[in-house]
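Novice: Let's see this in three dimensions:
(one chain, ligands or ions: 1)
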Amino acid sequence: MTQFDASEGGQPVRPGGVVGILGGGQLGRMLAVAAAKLGLKTHIYAPDADCPASEVATKFTRGSDDYHRGLSAFAEECDVVTLEFENVPVASADLVSRSTPMRPSRLALETAQDRVVEKDFLCGIGVQTAAYAAVDGISDIAKALQELGGGAILKTRRMGYDGRGQARLSASSAQEAEEKARAAYAQIGRAPAILEALVPFRREISVIVARGVGGEIVCYDPSENLHEAGILRRSMVVSGAIDATVAAKAHEIARSIVSALAYVGVMGVELFELENGELLVNEVAPRVHNTGHWTIEACPVSQFEQHIRAVCGWPLGGAQRHSDVAMTNLIGQEAAEWASIAADPELSLHLYGKAEIRDGRKMGHVTRLLLPVAT
Ligand code: AMP
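Specialist: Residues are numbered from 1 along each chain as shown. Below you'll find the model as predicted:
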């Protein structure tokens, strides 16, 4: 069988071709809708038949408890396979690659799945991050806490999202460091971890960047993001809100990351902006990103279409923002307000088709276009 490589261009997937998507959440749903716009078919591979993506895709395959059973057959039916969640096992990407191009590639997954590997990679290419230490046990944590000084965040190396698997801690003596380390380690489930210095950021921003199979890159304007309880509440993109030199620096960082990984597809790059305008990368997501949902209404080509274009080997589309914009997530019970949101002519409503409303669950989002961008 042919082994495909993400850096290999090959022939573009033609209209009528099949894009396989690993994962069936709202990101997969919006990818499937974007693919349909381009005349492409989608095939979702996910564990739950009632997932948000399955009802808008051409075909659905239920991944068995043993994730790999059925994966090869699925991949063989697709012209390209991509993903909508970054914790797809690397072995699955390898299995897919035996028959079908997997984009993004195993390298991007390996790098983004482990916070220590990710930070080592970023520092290795000259991108700044918070000071950090890999920690494995209470004494490691206590020692690193004292070395970092001030406050710190303990995060599981793997599988953390929306602020889960994290604990904040600080200590002013060796004894206190030991006690705090013990409590924090228990809080994150005693998993292999990273201790990061607490960054006194001015605000959180992110860049959605896309790289095509030929190496071409486009970046969307950076958004300003507000989190509540570790979950994204709102993303705003307003002309002049982010200094032009900071925005240019954020774009340069995003470009250097996707270039170094020979990445194909859309990536979300989350950054901390410091008071002096310096930028530190918090993390990268090798997929479409919640902070890029505003691109559906405010740009010629959304992040979802851009990702489909990139992984299918198509030319990338226009990422130029035509309006200032605010995107707000509908979390838990907020989705019950759908009727009043739908009645507001200035709002664009997106619901993800999740049957059950649960606290902290992303049920949909709302976008409001603000002023047009001056030309
Ligand atoms: P993460 O899961 O790494 O994206 O972290 C979730 C949220 O915690 C971020 O969006 C920040 O608001 C906050 N956070 C994470 N790491 C740090 C840090 N090193 N310093 C300050 N705040 C952080």
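
Novice: what bridges to the residue nearest to the spatial centre of the chain?
Specialist: The chain has Ala285 as the residue nearest its centroid, 3.3 Å off, counting by Cα atoms, centre = their mean. Applying DSSP bridges to Ala285 yields these beta-bridge partners: Gly268.

Novice: what about the nearest residue to Pro286 once chain neighbours are set aside, is that helix, strand or coil?
Specialist: Of all residues not flanking Pro286 in the chain, Ala108 sits nearest, at 4.2 Å (Cβ to Cβ, 6 or more residues apart in numbering). C-beta: built from backbone N, CA, C; applies to glycine. State at Ala108, reduced to three classes by DSSP: H, G, I helix; E, B strand; the rest coil: helix.

Novice: Can you report how many residues lie near Ala108?
Specialist: Using other Cβ atoms under 10 Å, Ala108 has 27 neighbouring residues.

Novice: Ok, Arg234 next?
Specialist: Neighbours of Arg234 (other Cβ under 10 Å): 18.

Novice: Quick check: residues of the stretch 101-250 of the chain near the ligand?
Specialist: Residues of the stretch 101-250 of the chain found near the ligand (Cβ under 6 Å from any ligand atom) are 130, 153, 160, 163, 196, 198-199, 204, 227, 230.

Novice: which one of the residues you listed is nearest Val90?
Specialist: Nearest to Val90 among those: Gly160, at 17.5 Å, using Cβ to Cβ.

Novice: Give me the pLDDT for the closest residue to the closest one other than its chain neighbours.
Specialist: Excluding the flanking residues, the one nearest Gly160 by Cβ to Cβ, 6+ apart is Gln166, at 6.3 Å. According to the per-residue confidence, Gln166 scores 89 in pLDDT.

Novice: mind listing the strands for the stretch 51-200 of the chain?
Specialist: Remark: strands assigned in the stretch 51-200 of the chain by DSSP state E, counting those that start in this stretch are 59-62, 80-83, 132-135, 152-156, 166-169, 193-197.

Novice: Mind telling me which of those the model trusts least?
Specialist: Lowest mean pLDDT within the strands of the stretch 51-200 of the chain: strand 166-169, at a mean of 92.

Novice: quick one: strands adjacent to that strand?
Specialist: With DSSP bridges as the test, strand 166-169 is paired with strand 152-156 (antiparallel).

Novice: CA-only coordinates of the strand it pairs with, as CSV, when you get a sec.
Specialist: This file holds the C-alpha atoms of strand 152-156, laid out as CSV (Å, rounded to 0.1, in the frame of the first residue of the first chain):
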residue,chain,number,x,y,z
ALA,A,152,2.0,28.7,38.7
ILE,A,153,-0.5,26.5,37.0
LEU,A,154,-0.3,22.7,37.1
LYS,A,155,-1.8,21.1,34.0
THR,A,156,-2.0,17.5,32.9
